[in-house]
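Visitor: Using only what follows, build the 3D model:
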Amino acid sequence: MELIDTHLHLQLEHFDEDRDVVVERALAAGVTRMITLATDLKTSEQVIALAERYESVFAAVGVHPTDVHKAAGRDYYEIADLSSHEKVVAIGEIGMDFYWDTSHAREQERAFQLQLEMAADLGLPVAIHNRDAGEAILKVLDFVGDGLPQGVFHCFAENGDYARTVLDKGFHISFTGNLTYKKSELPQVAAEVPLERLLLETDSPFLAPVPKRGKRNEPAYVSYIAEKHAEVRNMSIKALAAATTANAEKLFALPAQPGAHRPQENTVVS
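Guide: Residues are numbered from 1 along each chain as shown. A predicted model of the protein is given here:
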């Protein structure tokens, strides 16, 4: 059985002590490919370095909504240049986030629109972050209109109506460990997502699924999320894994399953 973790943050300090082991554990668990996502220019460079270091790791570059107020205009040009790297498969993590602060809402809106248009020009899909900003995000998507790139709403936490809206716009949907939490209503939403639009992700090191909740998340745990999807759809995990793997390969234009990773000694993430 083969799985793809389409969204994690392998560059974060949470993995500094055992990054090689984390990747090895993922491979041993059948997670043959992983996409690690940036949050700004510096981490865009870091995720590319990791993609160069591990054959099984791919990168997404971009500016996260909570970092847009710190990004200089030239950062977006440099990120566009970085996107030409052979292992960059998406623009992300982009979107809008009003959970902590709405004082930079206008900046978030501009950065989101800019990166959507950048992705469309580059022919790359996007990974969209939405936290308490659902209507604002739809407003930007409607403004961009027919020029929208393909992409995925990651860590989906909205209701079924919202899911249908973004599906109608051509997007995929993925859920994290939030799908496995006891009081979550997300399994009902997930069950209604067409199988051909479903992706798997962990959002590591955050949101570890049950039974690992409260611990550091890692890509090997994507199997728990796959199991929950299979359960709510009344299908085998093997069939669920095959479908979501094919979906990820198509959306992100991923190459065929690579072999075991081979760390390159001179590659440093700073």
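
Visitor: I'd like the mean pLDDT over stretch 200-218, please.
Guide: pLDDT averaged over stretch 200-218 equals 98, rounded to a whole number.

Visitor: just how off-centre is that stretch within its chain?
Guide: On the basis of Cα atoms, centre = their mean, to the nearest Å, stretch 200-218 sits 14 Å off its chain's mean C-alpha point.

Visitor: Which positions within it qualify as buried?
Guide: Along stretch 200-218, these residues count as buried under the neighbour rule (16 or more other Cβ atoms under 10 Å): 200-210, 212, 217-218. C-beta: built from backbone N, CA, C; applies to glycine.

Visitor: and it, C-alpha only, in PDB?
Guide: Presented in PDB, the C-alpha positions along stretch 200-218 are these (Å, rounded to 0.1, in the frame of the first residue of the first chain):
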ATOM      1  CA  LEU A 200      -4.200  12.900   2.400                       C
ATOM      2  CA  GLU A 201      -2.000  15.100   4.600                       C
ATOM      3  CA  THR A 202      -0.700  15.300   8.100                       C
ATOM      4  CA  ASP A 203       0.300  19.000   8.500                       C
ATOM      5  CA  SER A 204       3.200  17.700  10.500                       C
ATOM      6  CA  PRO A 205       4.400  18.500  13.100                       C
ATOM      7  CA  PHE A 206       0.900  19.800  14.000                       C
ATOM      8  CA  LEU A 207      -2.500  18.200  14.600                       C
ATOM      9  CA  ALA A 208      -1.500  14.600  15.200                       C
ATOM     10  CA  PRO A 209      -4.300  12.100  14.600                       C
ATOM     11  CA  VAL A 210      -5.800   9.800  17.200                       C
ATOM     12  CA  PRO A 211      -4.200   7.700  18.700                       C
ATOM     13  CA  LYS A 212      -1.100  10.000  18.500                       C
ATOM     14  CA  ARG A 213      -3.000  13.200  19.500                       C
ATOM     15  CA  GLY A 214      -1.000  15.400  21.800                       C
ATOM     16  CA  LYS A 215       2.300  14.200  20.400                       C
ATOM     17  CA  ARG A 216       4.500  15.600  17.600                       C
ATOM     18  CA  ASN A 217       2.900  14.700  14.300                       C
ATOM     19  CA  GLU A 218       4.900  13.100  11.500                       C
END
